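**Student:** Pasting a predicted model and its sequence here:
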Amino acid sequence: MPAEAGAAPQRDITIVGGGLAGALMAILLAQRGWSVDVFERRGDPRVEGYAGGRSINLALAERGLHALRQAGADGAVLQQAVMMRGRFVHPLHGAPNLQPYGRDDSEVIWSINRGELNIVLLDIAESHGARLHFDHALERVEFDAKLATYRNHGLEVAHPFNALVGADGAGSTLRGQMAAHVDLAERTEWLDHGYKELEIPPDARGGFRIEPNALHIWPRGHYMCIALPNDERTFTVTLFMPKDGPHPSFATVDDAEAAQALFERQFPDTLPLIPDLRRDYERNPVGSLGTLYLDRWHLDGRAVLLGDAAHAMVPFHGQGMNCAFEDCVALAGNLQREPSLADAFAAFEAGRKPDAEAIQHMALENYIEMRDLVDDPGFLLQRQLELALQQRHPDRFVPHYAMVSFMRIPYSQALRRSELQRDILVAATRGITSLEDVDWQRADAAVLATLEPLEDSPA
Ligand code: FAD
């Protein structure tokens, strides 16, 4: 238990939420000798199984992997991960094709199971001495008395705290409690598109039914399906589509019959892969997607928010968890360096907010790219040119996807450079259909004039 209110030592932290960011934060602080308590609303997934049950997976990229290395968790996580080398695009007409993400197998992303990842992190946190309190849902906080009240199996229990870290996700209760004391200027921009999860099971011999080492996309203009592999030879399929409006939307495709008809027409190659389409479609809810903006992430030295609680984003760059993990590394560093909790929380917010806003923006943009552009000839020509310019100017021109997924330069810098690079790509491909027609002298001059040499963040 934390020390009594008022007598708590400085290096004593209470984390609300033992999900992905909360568990990682607990490791990073416990490793550094902090006294750490984690209060998690759900039961212990190691005892009760991960709430949610089915394989829900996430794309892990270099930013998240780097954070896992700091925590000594990368080995255990990668053991259960499936490598994804690129986008495997399934057009409605024409042959499916693999568009590699990077130059070779050093530039890949990984599909990981959310529940397995959470369990690995909780185990390591506990091994470093963090105290995990499951079945404790934060209900309210008295910030002046430094007392937090949780609901535990129907009963209210109060625990004193020194400082709170809010890792309690997009619907954060701590955020709501902080807002009663300080104006966070909270606003959420909801996407008018939702999502539904389906599953491709293993084939009759227990193997993968489609190429395992890829993120599959079925782009269809204003909607799409994607599929990520799981290590137990299944794929989690996600259908993203408008919630309302003209067909197809979740309003018009509102039962198993309509889903079957949509897939027969628009995703015919997936029908033999998803035998339980009708059941999954009826059973699984339509999820909502939004971007959460706050002007402020902390309440002096008493509470700070991170991960989805501070900056939830739409999932189209596969960076929400990666960004949350970067937050944890940053906050652990701030807490080590700064003289007080208040200084550390303020430095964390000042350092991370521009980057969170940049990836929120890029995540929204990437939806259009995935659902509409990945099978567009103009877009594909620009991707070829990106790789060619990278070869010609490896120190200056790094493709957008690589800056976000394979490097750790600040997201805000990746956004700025991507915008400059996009202008160069658009200008160099205007009116042409092949790389052979590129005016290389002009394109090279534009790169040299516009882009400074790029350095990745130090280890
Ligand atoms: P969460 O993972 O939401 O964890 C919050 C924790 O707090 C939970 O354990 C919850 O039970 C607990 N909690 C909540 N309320 C309370 C309370 N009152 N008291 C105590 N505990 C509480 N990101 C990627 O990087 N790659 C991807 O490929 C990717 N794909 C995604 C696909 C979809 C469809 C969605 C919706 C998101 C995706 N994301 C992805 C984003 C990623 O899921 C989130 O960014 C990440 O889970 C954030 O971690 P977190 O710990 O901040 O929040």
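**Tutor:** Received it, and whenever you're ready, just let me know what you need.

**Student:** element containing the spatially closest residue to A332 that is not a sequence neighbour, please.
**Tutor:** In space, and not counting its chain neighbours, A332 is closest to L28: 4.0 Å by CB to CB, 6 or more residues apart in numbering. Backbone N, C-alpha and C define where each C-beta goes, glycine included. Here L28, judged by DSSP states H and E, is contained in helix 20-31.

**Student:** neighbouring contacts of that helix?
**Tutor:** For helix 20-31, contacts defined as CB atoms under 8 Å, 6 or more residues apart in numbering pick out 13, 15-16, 18, 36, 38, 40, 67-68, 70-73, 114, 117-118, 121-122, 124-125, 128-130, 132, 165, 167-168, 306-308, 321, 324-325, 327-329, 331-332, 335.

**Student:** Briefly note if that helix comes near the ligand.
**Tutor:** Yes - on the criterion CB under 6 Å from any ligand atom, helix 20-31 is in touch with the ligand at 20-22.

**Student:** what about burial for the contacts of helix 20-31, which qualify?
**Tutor:** 13, 15-16, 18, 36, 38, 40, 67-68, 70-71, 73, 114, 117-118, 121-122, 124-125, 128, 130, 132, 165, 167-168, 306-308, 321, 324-325, 327-329, 331-332, 335 (16 or more other CB atoms under 10 Å).

**Student:** In helices only, show me those residues.
**Tutor:** Among the buried ones among the contacts of helix 20-31, the residues falling in helices (DSSP state H) are 67-68, 70, 114, 117-118, 121-122, 124-125, 308, 321, 324-325, 327-329, 331-332, 335.

**Student:** Okay, buried residues for the worst-scoring helix or strand of the chain on mean pLDDT please.
**Tutor:** Among the helices and strands of the chain, helix 45-48 carries the lowest confidence by mean pLDDT, DSSP states H and E, at a mean of 90. By 16+ other CB under 10 Å, the buried positions in helix 45-48 come out as P45.

**Student:** Run the chain-centre distance for it.
**Tutor:** Computed by CA atoms, centre = their mean, to the nearest Å, the chain-centroid distance of helix 45-48 equals 24 Å.

**Student:** before we move on, back to that, of the ones in helices among the buried ones among the contacts of helix 20-31, which fall within the contact range of the ligand?
**Tutor:** Checking those against the ligand (CB under 6 Å from any ligand atom), the matches are 308, 321, 324.

**Student:** Give the residue spans of the chain that score low on pLDDT.
**Tutor:** 1-9, 50-55, 457-459 (pLDDT under 70).

**Student:** With adjacent residues omitted, what lies nearest to the residue nearest the centre of it?
**Tutor:** Nearest to the geometric centre of the chain sits G320, at 2.3 Å (CA atoms, centre = their mean). Distances taken as CB to CB, 6+ apart place M313 nearest to G320, at 5.3 Å, with adjacent residues excluded.

**Student:** on that earlier part again, now do the helix holding L28 against helix 114-127, angle only.
**Tutor:** Put simply, helix 20-31 runs at 20 degrees to helix 114-127, going by axes from the mean of the first three to the mean of the last three CA atoms, to 10 degrees.

**Student:** Just the C-alphas of helix 20-31, formatted as CSV.
**Tutor:** What follows is helix 20-31, C-alpha atoms only, in CSV (Å, rounded to 0.1, in the frame of the first residue of the first chain):
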residue,chain,number,x,y,z
LEU,A,20,-0.6,-1.4,-22.0
ALA,A,21,0.8,2.0,-20.9
GLY,A,22,0.1,1.6,-17.2
ALA,A,23,1.9,-1.7,-17.0
LEU,A,24,4.9,-0.4,-19.0
MET,A,25,5.1,2.8,-16.8
ALA,A,26,5.1,0.6,-13.7
ILE,A,27,8.1,-1.3,-15.0
LEU,A,28,10.1,1.7,-16.0
LEU,A,29,9.6,3.4,-12.6
ALA,A,30,9.9,0.3,-10.4
GLN,A,31,13.2,-0.5,-12.2
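
**Student:** excluding its backbone neighbours, what's nearest R41?
**Tutor:** Nearest to R41 is A137, by CB to CB, 6+ apart, at 3.9 Å.

**Student:** From what I see, that neighbour and T173 are in contact.
**Tutor:** Yes - the criterion here is CB atoms under 8 Å, and A137 meets it with T173 at 7.5 Å.
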